[in-house]
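Trainee: one predicted model, sequence on top.
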Amino acid sequence: MAKKSGFITPFKKQVFVTVGVCLNMAAHGLVMGFAAILLPQLRQPDSVIPIDDSSGSWIASILGFALVAGNFIVPPIMANYGRRTANIVSITPLLVGWFVVISARSVPVLLMARFLQGISMGMSASLGPVLIGEYTSPKNRGAFLTLISLCIATGVLIVHTMGSYLTWQVTGLVCAGIAFVDLLIVIYSPESPSWLADQGRYEDCKRVFRWLRHEDEEEELQKMIEASIIVRESKAEANISQSFGKKIKSNIAYFSLTIRKKEFYKPIFIMMHIYTLGQWAGANILAAYTMDIFRNVIGEDINIALLVITLDAQRIISNAMAVLVIKKINRRTMLFSTVSVNIFAFLTTAAYTYCKGQGMLPFDHPFIGIALVHLHMFTIATGTVPLPFIIAGEVFPLEYRSLAGGLSVLFLSSNLFITVKTVPFFFGTLGIHGAYCIYAAVVGYCLVVAYFFLPETKDRTLQDIEDEFRGRPLSPEELKSTQSLTSWKLHCQDRRCSSPVV
């Protein structure tokens, strides 16, 4: 068993594997933040790639389309070849994308590079929370999942700082180097013990689990293996002497049964709204259009480059605070408090910019606008960026984790595209005050949904959370019945039932 004594403790091993995941997630910050320094440089008269507002908005927002592709690519890789393999595959288009960016001499080439990077982001968005949730102990899981947002914030700071003093080509080269270091860490990381158990590799599962975890978590290992044995036996029984046609019908029936299960559709419904909330709360808008927002809220007579760096630094500090606080405060409390302040920041900024534009302010100072933007960033860094990843790493049941995670992340992808692509349109037609009111309304709606449907997940095992969605623990007979049409029929015959229990 893993021992607590010695220099290389289970906690440090969990840190190592988490770094491999988080550096991949840091690409979100590097890629999104890169647009904020790329577009101003491309608008210069001597730019090698001239752009207009339309091409610029596509360069910033095409990631949303690519994220969808990444969402569909990663679930079968995660399920069939392993989480670690999927993590390695997800880094490949990121690396290629950065080298294409460096060599780009036209807008179409830049769009292709950004599309490749978006595919990587889509894959890691589904994969990252799942991997950390399976690698780490329940008592540390919240803090480790919060590191995702800290790495994203660090990526934004790094790329904004470099882009303020270096060319976009040199900045892209440094970002490629970060992705390569991440690839090395992932190569030397172990496979997820949950996936190994699902594949029937129980000895490997025990070895990796005990390497990663403390000896007092042996009960979780035994429960995971016992459930996996029941599931695999039922799958084997269902596949015996089945023709191809019967297997197709069995799979269709299995899918039909699955989508009606509370433990399948409830987490997806919740994460649809949590991911939407996270995108409309303004994280990617502030990352991709930082300079435009400062100009709209404060004005031109300021050192915008310095303000961008200080804002990113504040985001990292706030994220670091969140890592410590999330271990002590319930998920629901953290979500409702930070998102409520986020809505307040939206509405206050909207009122301030409207009154400023109409000349209705009795007193004005640049510090007011700076404080409002920093308040907005504080709510993003402590709540709307880390919490979606934390919740996603905890609410999906093991059996459907790849599929459910991929489906729900589609809402992250689509909303990322919508929010980033529409910024120039909203700011140009409605003004920043009108745009911020729309953002506040969408975030408010999602928060209401979370209030009624999101359970508390702090310090609970993944199995406990799954049982709460279901309403009760799953019996061995029901574990078997979920796997195939054959075993479901036998279950129904024993129970004399005419429809599946959901």
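Mentor: Perfect, I can see it now.

Trainee: so what's I418 up against?
Mentor: Shown in contact with I418 (C-beta atoms under 8 Å, 6 or more residues apart in numbering): G64, Q279. For the C-beta atoms, the positions are set from N, CA and C on the backbone; glycine is no exception.

Trainee: before we move on, which element is it in?
Mentor: Counting by DSSP states H and E, the element that carries I418 is helix 401-429.

Trainee: now that helix: buried residues?
Mentor: Residues 401-424, 426-427 are the ones in helix 401-429 that count as buried (16 or more other C-beta atoms under 10 Å).

Trainee: what does stretch 40-59 give?
Mentor: Using 16+ other C-beta under 10 Å as the burial criterion, the residues of stretch 40-59 that qualify are P40, Q41, L42, I49, I51, S55, G56, S57, W58, I59.

Trainee: cool, and stretch 355-370?
Mentor: For stretch 355-370, burial by neighbour count (16+ other C-beta under 10 Å) applies to K356, I368, G369, I370.

Trainee: now do stretch 72-90
Mentor: Using 16+ other C-beta under 10 Å as the test for burial, stretch 72-90 gives 72-75, 77-79, 82-84, 86-90.

Trainee: now the end-to-end length of that stretch.
Mentor: Stretch 72-90 has an end-to-end distance of 12 Å (criterion: C-alpha to C-alpha, to the nearest Å).

Trainee: and that stretch, how far out from the chain's middle?
Mentor: Counting by C-alpha atoms, centre = their mean, to the nearest Å, stretch 72-90 is centred 16 Å from the centre of its parent chain.

Trainee: contacts only, for R141.
Mentor: By C-beta under 8 Å, 6+ apart, the residues touching R141 are I132, G133, I390, G393, E394.

Trainee: ok, then the element right after whichever strand or helix holds it?
Mentor: Here R141 sits within helix 138-165, counting by DSSP H and E. Next in sequence after helix 138-165, counting helices and strands by DSSP H and E, comes helix 168-187.

Trainee: ok and that following helix relative to helix 138-165, angle-wise?
Mentor: On the basis of axes from the mean of the first three to the mean of the last three C-alpha atoms, to 10 degrees, helix 168-187 is oriented at 160 degrees to helix 138-165.

Trainee: show me what helix 168-187 is in contact with.
Mentor: Under C-beta under 8 Å, 6+ apart, the answer for helix 168-187 is 16, 19-21, 23-24, 26-27, 30, 34, 37-38, 41-42, 84, 87-88, 91, 94-95, 98-99, 101-102, 158-159, 162-163.

Trainee: so of those residues, which ones are in helices?
Mentor: If you go by DSSP state H, the contacts of helix 168-187 have 16, 19-21, 23-24, 26-27, 30, 34, 37-38, 41-42, 84, 87-88, 91, 94-95, 98-99, 101-102, 158-159, 162-163 in helices.

Trainee: just the buried residues from those residues, in PyMOL please.
Mentor: Paste this into PyMOL to select the buried members of those, with burial taken from 16+ other C-beta under 10 Å:
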select buried, resi 16+19+20+21+23+24+26+27+30+34+37+38+41+42+84+87+88+91+94+95+98+101+102+158+159+162+163
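
Trainee: residues touching the spatially most central residue of the chain, list them.
Mentor: Against the mean C-alpha coordinate of the chain, by C-alpha atoms, centre = their mean, the closest residue is A125 at 4.1 Å. Contacts for A125 (C-beta under 8 Å, 6+ apart) come out as M25, H28, L67, G70, N71, V409, L412, S413.

Trainee: any idea which of those residues is closest to K139?
Mentor: Using C-beta to C-beta, M25 is the member of the contacts of A125 that lies nearest K139, at 21.5 Å.

Trainee: residue contacts, that closest one?
Mentor: Shown in contact with M25 (C-beta under 8 Å, 6+ apart): S124, A125, G128, I148, C151, I152, F389.

Trainee: farthest-apart pair in those residues, please.
Mentor: Maximum distance among the contacts of M25 (C-beta to C-beta): 13.0 Å, for A125 and C151.

Trainee: ok, which stretches of the stretch 301-450 of the chain are helices?
Mentor: Ranges of helices in the stretch 301-450 of the chain, per DSSP state H, counting those that start in this stretch, are 304-325, 331-357, 366-379, 386-395, 401-429, 431-453.
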